[in-house]
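In: let me see the structure of the following:
(one chain, ligands or ions: 1)
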Amino acid sequence: MVSELGFGCASWWGKPAFDERTAVGLVHEAIERGVTLFDTGASYSAGEAEPRLGRALRGHDTSGLVIATKAGTFHAGRGRIGRDMRPAAIVASAERSLRHLGVEALGLLQLHGPAIGELDEAMFEALAGLKARGLVRAVGLNSFDPEVVEHAIGLPGIDVVMVDYNVLRPEREALIARAAAAGKGVLAGMPLAMGHTRPLLSRLRGPQDLWYVARALAKHRDELARGRRFRFLHRLPGMTGAQAALAYVLANPHVRAAGFGANRPQHLRENLAAADLALPPEVMTAIHAAQGAT
Ligand SMILES: NC(=O)c1ccc[n+]([C@@H]2O[C@H](COP(=O)([O-])OP(=O)(O)OC[C@H]3O[C@@H](n4cnc5c(N)ncnc54)[C@H](OP(=O)(O)O)[C@@H]3O)[C@@H](O)[C@H]2O)c1
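Out: Residues are numbered from 1 along each chain as shown. Sure, this is the predicted structure:
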């Protein structure tokens, strides 16, 4: 059981260049406001996200929280992400994550982008071993490859799948429904569509925004182009574009939770308020029309 909205401890949030007090304060405020899911990864923020989350959690009662992390990728230096999906590496990564996070057990350990062939007997023996030792409570995978998620739906050793689902990704809906019908917990990764529905320049309000804009230009030009059709989300009465994006994802009854990133306290508050917002039917219709046109 987790809160509908989880806090993503990734990207700029984990970088040493981002003020530690603000980053830690965001986690504390999220906990105070009822967030119980914190999602991070061994390779996130050049390996800095997990230790930072660990510092934020120090001294807190974490028994009611689900601390989710990912294994199979690691920071390989100079901003590069390495990959090691061998079962022994997954076990070692989980053990390292526990030390970084300062918790006795991981609420969820997700394989970070495994190939179908890597989801073999040896992998599930290793994952079952982590569960048997009480180090991991649930096992999942995070993949943006629908074939991998489809395969995982049939695997009894997988409890949870994290899928890239947002207004730009309606094609994930059938997959999500099948995963939920098979009893998998479905987490939506990137529910804000990384902000790609907003005009790029309107995001530039401070130096940290440059990092996200540079990432968008380097890696997500397709989404930026498709996001143009959803600009109307930022002109709705009664809710912001980010809230509309989150409300869309949470309106899917098969999604258990959605994890967003935020580096400004007002964004955290705004996003958490989306859990109580329903999209008016005409907005849903407009979203479907924009999706059909992409
Ligand atoms: N990015 C990926 O490739 C990826 C992959 C797998 C999973 N995920 C999951 O998604 C989580 C978050 O990912 P992420 O940090 O890369 O990106 P994200 O949540 O998609 O986006 C964070 C960006 O959105 C902005 N934002 C947040 N709330 C806003 C609001 N209310 N109004 C306007 N802007 C707002 C943030 O701005 P401020 O800095 O101003 O708050 C920041 O620029 C991760 O922890 C993970 O769980 C992401």
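
In: OK, contacts around Glu150?
Out: Applying Cβ atoms under 8 Å, 6 or more residues apart in numbering to Glu150 gives the contacts Leu175, Arg178. C-beta here means a position set from N, CA and C on the backbone, and glycine is covered the same way.

In: please repeat the previous calculation with a cut-off of 10 Å.
Out: Glu150 makes contact with Ile116, Ser143, Val161, Ala174, Leu175, Arg178, Ala179 under the criterion Cβ atoms under 10 Å, 6 or more residues apart in numbering.

In: equivalent analysis for Val35, please.
Out: 2-7, 26-27, 29, 65-66, 257, 259, 268, 271-272, 275.

In: for this protein, give the helix that spans the most residues.
Out: For the chain, the helix with the greatest residue count under DSSP state H is helix 87-101.

In: buried ones in it?
Out: Pro87, Ala89, Ile90, Val91, Ser93, Ala94, Arg96, Ser97, Leu98, His100, Leu101 (16 or more other Cβ atoms under 10 Å).

In: any idea of the angle whichever helix or strand comes after that helix forms with helix 87-101?
Out: Counting by DSSP states H and E, the element after helix 87-101 in chain order, helix or strand, is strand 106-112. Counting by axes from the mean of the first three to the mean of the last three Cα atoms, to 10 degrees, strand 106-112 lies at 130 degrees to helix 87-101.

In: which helices and strands does strand 106-112 pack with?
Out: Under the contact criterion of 3 or more Cβ pairs under 10 Å, 6 or more residues apart in numbering; DSSP states H and E, strand 106-112 touches strand 37-39, strand 66-71, strand 73-75, helix 87-101, helix 121-132, strand 136-142, strand 160-164, strand 185-189.

In: report all helices and strands that the fourth one contacts.
Out: Read that as helix 87-101. helix 49-57, strand 66-71, strand 73-75, strand 106-112, helix 121-132, strand 136-142.

In: can I get these in TSV with mean neighbour count?
Out: Formatted as TSV, the helices and strands packed on helix 87-101 follow (neighbours: other Cβ atoms under 10 Å):
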stretch	mean neighbour count
helix 49-57	22
strand 66-71	26
strand 73-75	19
strand 106-112	25
helix 121-132	15
strand 136-142	22
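
In: got CSV for the helices and strands packed on strand 106-112, with distance to the ligand too?
Out: Below are these laid out as CSV (distance: least, Cβ to the nearest ligand atom, whole Å):
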stretch, distance to the ligand
strand 37-39, 4
strand 66-71, 8
strand 73-75, 11
helix 87-101, 14
helix 121-132, 20
strand 136-142, 6
strand 160-164, 6
strand 185-189, 3
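
In: distance check, Thr240 against the ligand.
Out: 6 Å (Cβ to the nearest ligand atom, to the nearest Å).

In: check contacts around that residue.
Out: So Thr240 contacts Leu233, His234, Leu246, His267, Glu270, Asn271, Ala273, Ala274, Leu277 (Cβ under 10 Å, 6+ apart).

In: so what's the spatially most central residue of the chain up against?
Out: For the chain, the residue sitting closest to the mean C-alpha position, by Cα atoms, centre = their mean, is Gly189 at 3.7 Å. Gly189 is in contact with 6, 8, 10, 39, 110, 142-144, 161-166, 258-260, counting by Cβ under 10 Å, 6+ apart.
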